[in-house]
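Enquirer: Got a predicted model here, sequence first, then my questions.
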There are 2 protein chains.
Amino acid sequence: MGVTRTDLFTEEQNELAKIARILGHPARIAIVQHLARINACINSDLVQELGLAQATISQHLKELKNVGIIQGTVEGSSMSYCINPTKWNECKDLLTGLFDEYKNECC
Amino acid sequence: MGVTRTDLFTEEQNELAKIARILGHPARIAIVQHLARINACINSDLVQELGLAQATISQHLKELKNVGIIQGTVEGSSMSYCINPTKWNECKDLLTGLFDEYKNECC
DNA sequence: ATAATTTATCGTAATATTGCGATTAAACAA
DNA sequence: TTGTTTAATCGCAATATTACGATAAATTAT
């Protein structure tokens, strides 16, 4: 027990949940919002911006990168992060699809 | 440590994260999808439908209810759950707003 | 009254997440 | 070379989540 039973659900359900879970932390919301505005930035910018420790920001960036929402490119001695437009749109479509499944019928 | 620093973020960021976190589990995705289709159902239907234990479904329903996405009304000896249209739309708007913050500029 | 149905809650075990200090490794500047 | 900047990773402690059996409480059926 304590481990999610992904075997009981469809791939789409698991994928939707994975995306939502990654967005389910205010620091990661703040990171993608900042990237959406500023277009690209580095770890230390976010440390300043959010007020969390460097190691913590790095961990959140890793998770966002793992799920594909952001991407990082080496920029000299630093790492430049930005939103991955393709994955961003994919996430948007998946979530929009979920919300459109309900046609606001009365209950 | 181990506790999310909600004090560092805006109310909107925390609210967005809260909604996303609740949707960040395949069982809860499956529940809202089922409710979106079937309009209303009871705990035992979901136990059949999803294959999780009754206590587990009950717990997921409670979390969805706490965040306001679904609502329950007593129906004799059972509890009828359905989507809360107002909150549903609010969640949709919040998430749509997040995804629209990014204008697909190159990075 | 008794039995069956239904669901919430409790208690518990397994696992996951969050946060951060410390360390490491790489690029860059002097 | 030496020192600085940058970020990934490790290790750990605190907390949260997930799942489920067992129990309790309420309604309905016989």
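Expert: Yep, that arrived.

Enquirer: Now do the residue in chain A that DNA strand C sits nearest to, the pLDDT please.
Expert: Per Cβ to the nearest atom of the strand, A:Gly2 is where chain A lies closest to DNA strand C, at 1.8 Å. All C-beta atoms are positioned from the backbone trio N, CA, C, and that covers glycine. We have a pLDDT of 75 for A:Gly2.

Enquirer: That one: how many residues sit nearby?
Expert: A:Gly2 has 3 neighbouring residues, counting by other Cβ atoms under 10 Å in any protein chain shown.

Enquirer: quick one, what contacts it?
Expert: Contacts here follow Cβ atoms under 8 Å, 6 or more residues apart in numbering or on different chains; on that basis A:Gly2 touches nothing.

Enquirer: how far away is it from A:Ala20?
Expert: Separation of A:Gly2 from A:Ala20 (Cβ to Cβ, to the nearest Å): 20 Å.

Enquirer: Leaving out chain neighbours, which residue sits closest to A:Ala17?
Expert: B:Pro26 (4.3 Å; Cβ to Cβ, 6 or more residues apart in numbering or on different chains).

Enquirer: so where is chain A shaky, pLDDT-wise?
Expert: Along chain A, the parts satisfying pLDDT under 70 run over A:1, A:106-107.

Enquirer: which residues in it form strands?
Expert: Per DSSP state E, chain A carries strands over the ranges A:41-42, A:70-75, A:78-83.

Enquirer: With mean neighbour count added, can I get the ones you listed in TSV?
Expert: Output for those, formatted as TSV (neighbours: other Cβ atoms under 10 Å in any protein chain shown):
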stretch	mean neighbour count
strand A:41-42	18
strand A:70-75	15
strand A:78-83	18
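
Enquirer: Which one of those lies nearest to chain B?
Expert: Nearest of the strands of chain A to chain B, taken as Cβ to the nearest Cβ: strand A:78-83 at 3.2 Å.
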